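Q: Next comes the sequence, and after it the predicted model I'd like to discuss.
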Amino acid sequence: MPRLSQPHLLGIKNITTEDIELIFETADNFKEVINRPIKKVPSLRDVTIANVFFENSTRTRLSFELAQKRLSADVINFSASTSSVKKGETLLDTVNNILAMKVDMIVMRHASAGAPHFLSRHIKANIINAGDGTHEHPTQALLDAYSIREKLKGVAGKKVAIIGDILHSRVALSNIFALNKLGAEVMVCGPPTLLPKFIGKIGVKVELDLHKALAWCDVANVLRIQLERQQLKYFPSLREYSLYYGINRKTLDTLKKPILLMHPGPINRGVELSSDAADSHHSIILDQVENGVAVRMAVMYLLAGTTS
Ligand code: CP
């Protein structure tokens, strides 16, 4: 039975290209399964998975839970806001108590960068990073690259512009690592205050002009302004941000070329994307969500049973 070469999915930086290709090939099979009238397979029967979320989520949590149910796993859900974390329990105590209930795999989202890496040094269960602070969001990058592969018949050689708040985005970093490994050309575009200083050193082009970035790319992956993570004022107003970096249907149509519009969600409609762009024929935003279930099924299937 094929397996990933490591027992955890902590990030894209340290995963092999072969592992990514294996995830995609496995996701192709699961995508076929979830489009059947009977969407369930027994692949993870007798595997118990805990979704441990210390931060809010809609897509990632529901997508993992549905993927687990499609694979016939037993699922428990933990939300920090209604848990004994509120009484002072530590991350490690919380997870060790969950594992004492004979849980095999932990899917965790946490506000602190490195939290899943810390856990991986202390526990035996498989760990999947569902987003750690501003660091990485590996399954988002996998489903994004999978969606590009599906729509453009491959990722190598494609030009992908990641647009918006790169500084606070775990999606941007994981996408850059994944796209570089798969042979795409990657550009980041945004106001200088929202681009990390080192960014040009990790294999991406840097462009401050949105219209030049859109003219260059085959795919525009647009990111949300993460106001909840911003400690400083990085631009004068949302209105001004939208004027310079917001994308509407007219912006896309005047390019007079095919372009894929992506967004990891949640969208700030009227800020980075207008509704007429988000809901246009250019957009594959809901295809990304559909593919997320198949990709997460593949990741969990390929990790199960890989710990000692
Ligand atoms: N894309 C993403 O991570 O969305 P959620 O925060 O809703 O999970």
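A: Yep, that arrived.
Q: Got phi/psi on whichever residue of the stretch 101-250 of the chain sits closest to the ligand?
A: The minimum distance from the stretch 101-250 of the chain to the ligand, using Cβ to the nearest ligand atom, falls at residue 140 (5.3 Å). Yep, even glycine has a C-beta here, placed from its N, CA and C like the rest. Per-residue torsions, residue 140: phi -70, psi -40 (degrees, to the nearest 10).
Q: neighbours of residue 258, just the number please.
A: If you count neighbours by other Cβ atoms under 10 Å, residue 258 ends up with 12.
Q: Identify the residues contacting it.
A: Neighbouring residues of residue 258 by Cβ atoms under 8 Å, 6 or more residues apart in numbering: residue 218.
Q: could you redo the last one with a cut-off of 7 Å?
A: By Cβ atoms under 7 Å, 6 or more residues apart in numbering, residue 258 lies in contact with nothing.
Q: still on that earlier bit, the residue of the stretch 101-250 of the chain closest to the ligand: what's it in contact with?
A: With contact set as Cβ under 7 Å, 6+ apart, residue 140 has these partners: 171, 174, 264.
Q: restrict those residues to contacts with the ligand.
A: Here is what survives when these are matched to the ligand using Cβ under 6 Å from any ligand atom: residue 264.
Q: residue farthest from the centroid of the chain?
A: Distance to the chain centre peaks in the chain at residue 87, reaching 30.5 Å (criterion: Cα atoms, centre = their mean).
Q: So that residue versus residue 302, what's the distance?
A: Distance, residue 87 to residue 302, by Cβ to Cβ, to the nearest Å: 37 Å.
Q: Could you list the residues of the stretch 201-308 of the chain in contact with the ligand?
A: Proximity of the stretch 201-308 of the chain to the ligand is confined to 264, 265, 266 under the rule Cβ under 6 Å from any ligand atom.
Q: Pull the number of nearby residues for the first one.
A: So the one you mean is residue 264. A count of neighbours around residue 264, defined by other Cβ under 10 Å, yields 26.
Q: Next: the second one.
A: Residue neighbour count, defined by other Cβ under 10 Å, stands at 17 for residue 265.
Q: now swap in the last one and tell me
A: Taking other Cβ under 10 Å as the criterion, the count of residues near residue 266 is 11.
Q: three-state assignment of it?
A: coil (DSSP: H, G, I helix; E, B strand; the rest coil).
Q: contacting residues for it?
A: 58, 224.
Q: Tell me which helix or strand residue 127 sits in.
A: Element membership for residue 127, per DSSP states H and E: strand 126-132.
Q: so how far is that strand from its chain's centroid?
A: Distance, stretch centre to chain centre, for strand 126-132: 11 Å (Cα atoms, centre = their mean, to the nearest Å).
Q: got it, and stretch 59-69?
A: Using Cα atoms, centre = their mean, the offset of stretch 59-69 from its chain centre is 13 Å.
Q: a markdown table please, covering the residues of the stretch 201-308 of the chain next to the ligand and showing pLDDT and distance to residue 15.
A: What follows is those, written out as a markdown table (pLDDT from 0 to 100; distance: Cβ to Cβ, whole Å):
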| residue | pLDDT | distance to residue 15 |
| --- | --- | --- |
| 264 | 98 | 19 |
| 265 | 96 | 23 |
| 266 | 96 | 26 |
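Q: In this model residue 63 seems to touch residue 130, though I could be wrong.
A: No: with contacts defined as Cβ atoms under 7 Å, residue 130 does not count as touching residue 63, sitting 9.3 Å away.
Q: Between those two, which is the more surrounded one?
A: Set side by side, residue 130 and residue 63 show more neighbours around residue 130, with 27 against 24, by other Cβ under 10 Å.
Q: Identify the residues contacting the more buried one.
A: By Cβ under 7 Å, 6+ apart, residue 130 lies in contact with 60, 64, 107, 108, 109, 139.
Q: Chain neighbours aside, what residue packs nearest to it?
A: In this structure, residue 130 finds its nearest non-sequential neighbour in residue 109, 4.1 Å apart by Cβ to Cβ, 6 or more residues apart in numbering.
Q: quick one: buried residues of stretch 16-26?
A: Judged by neighbour count (16 or more other Cβ atoms under 10 Å), stretch 16-26 contains these buried residues: 19, 20, 22, 23, 24, 26.
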